[in-house]
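Engineer: Here's a sequence, model it:
(chains A, B and C)
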Amino acid sequence: MARINDVGGTVGFGAVDTADDPAPFHADWEARVVGLFNALRAEGLFNTNEFRDAIESMPPAEYLTTSYYERWFEAIRALLERKGVIEPGELDD
Amino acid sequence: MSGDHSDAAIARRVRRMETLLEEKGVLSGARLDEIIDASLSGASPANGARVVARAWTDPGYRRRLLADGTAAVRELGFMEGSYQRLRVVENTADTHNVIVCTLCSCYPLRLLGPSPSWYKSEAYRSRVVREPRTVLAEFGLELPAGTEITVWDSSAETRYMVLPRRPEGTEGLGEEELAALVTRNALIGTAAV
Amino acid sequence: MTDRFPPGTRVRTYDHDPAHHTRLPRYARGKRGVVVEPEGPAELADISAQGRGDAPLQQIYAVRFAARDLWGEGDHHVVLDLWESYLEEDPDER
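Structural biologist: Below is the predicted model:
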């Protein structure tokens, strides 16, 4: 029942792409997502452990095909829905 | 920056979330901008490099740093007000340390700046706890067979930073010149200086 | 708060697979290690992750494991920071 994030020792992820990336974010929205995380946590809407729990609760197939900061965004969305701040589907176009 | 189609969809959803939070009175755009600016200002591997250079040149500071990393980096103005603790682990002639977070991506952001993509990758997180020697070789770091490797898996509230070995032939260098030699990977343990 | 496991204590991690968030990775469950030292107390992540306000404050220990005990091979060590309730004294050492 260990979750998909718990990858220590798992075989099959291949070689490490050791390329350096000096820019912290590859797109502006990534920086905005990190800002949303920090701001909402500071406002007391959730704590870091709840946030990690939300990331880990993603379906494994989705987790593995989602980029790092997209996982952050999906976790924030899930927490905001759970806490009744936004309605399910409210972020859709 | 990146403007490809898949990126546009997520960027739109992020904007929509910001708008909704502002409309609902949860978070203003101004406050969000303020937090984004604050969260990155001052977080840089130059901080960790400065700590290392001080430890290389001041034996008393090195002792304090290894005994209580949090207190020692606060002497230099880093990690003030952070709830996290810092443990600095020292490489020697026959021991090597390397840092990972297998469960997520914990990292000493204040001292090292935002983490590189490979640090957050499943490949690094899954393999370095199991076959560190092979992974380090992929980074170009070939350790002698007799070197004892310790992998620090950041699973709770402590963050780790490596104190690399001071390279030979640097006796004449000052603190600033030494700091310039220290790379981010050396502070994580995937490179030597 | 008195530390239950002083440095050098031989411990075994619980071999438990909880349905909720935890910070004991699966590769280190039911494994023998040695306490390096206490890291300082923090709220138990397992409870705090459920948004509950009653997470107990517990000591966290840096625990050192031999790769051979984790993977059956390897000559390195792995150190994990583990909450007190993830640990028991190694029953073979009592």
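Engineer: and the residue positioned nearest the centre of chain C, which of the three is it?
Structural biologist: Nearest residue to the geometric centre of chain C (Cα atoms, centre = their mean): residue C:82, 3.3 Å. Taken by DSSP: H, G, I helix; E, B strand; the rest coil, the conformation at residue C:82 corresponds to strand.
Engineer: I'd guessed it sits against residue C:13; true?
Structural biologist: Yes. Applying Cβ atoms under 8 Å, one finds residue C:82 in contact with residue C:13, separated by 6.7 Å. Heads up, the C-betas are built off the backbone N, CA and C, glycines and all.
Engineer: what's the overlap in contacts for these two?
Structural biologist: Taking Cβ atoms under 8 Å, 6 or more residues apart in numbering or on different chains as the contact criterion, the common neighbours of residue C:82 and residue C:13 are C:24, C:28, C:63.
Engineer: low pLDDT regions in chain C?
Structural biologist: Along chain C, segments meeting pLDDT under 70 span C:1, C:93-94.
Engineer: Strands along that one, start to end?
Structural biologist: Per DSSP state E, chain C carries strands over the ranges C:10-13, C:32-38, C:42-43, C:57-58, C:60-66, C:77-83, C:87-89.
Engineer: next one: chain B
Structural biologist: Applying DSSP E to chain B gives strands spanning B:85-90, B:95-100, B:148-153, B:158-163.
Engineer: which stretches of chain A form helices?
Structural biologist: Along chain A, the segments classed as helices by DSSP state H run A:28-42, A:48-56, A:60-64, A:68-82.
Engineer: close to chain B, is the first one?
Structural biologist: Spelled out, it's helix A:28-42. Yes. Against chain B, helix A:28-42 shows contacts by Cβ under 8 Å from any Cβ of the partner chain at A:28, A:29, A:31, A:32, A:33, A:34, A:35, A:36, A:38, A:39, A:40, A:42.
Engineer: I'd like to know which of the residues you listed are buried.
Structural biologist: A:29, A:31, A:32, A:33, A:34, A:35, A:36, A:39, A:40 (16 or more other Cβ atoms under 10 Å in any protein chain shown).
Engineer: Check the residues you listed and tell me the two furthest apart.
Structural biologist: Spanning the widest gap among those are A:29 and A:40, at 15.9 Å by Cβ to Cβ.
Engineer: Report the central residue of the chain.
Structural biologist: In the absence of a named chain, chain A is used. residue A:72 (2.1 Å).
Engineer: Switch to chain B, please.
Structural biologist: Central residue of chain B (Cα atoms, centre = their mean): residue B:112, 3.8 Å from the mean position.
Engineer: Would you reformat the helices of chain A as a markdown table and include mean pLDDT?
Structural biologist: Output for the helices of chain A, formatted as a markdown table (pLDDT from 0 to 100):
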| stretch | mean pLDDT |
| --- | --- |
| helix A:28-42 | 95 |
| helix A:48-56 | 97 |
| helix A:60-64 | 93 |
| helix A:68-82 | 96 |
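Engineer: Rebuild these as TSV, extending it with distance to residue C:46.
Structural biologist: Below are those laid out as TSV (distance: least, Cβ to Cβ, whole Å):
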stretch	distance to residue C:46
helix A:28-42	19
helix A:48-56	8
helix A:60-64	20
helix A:68-82	17
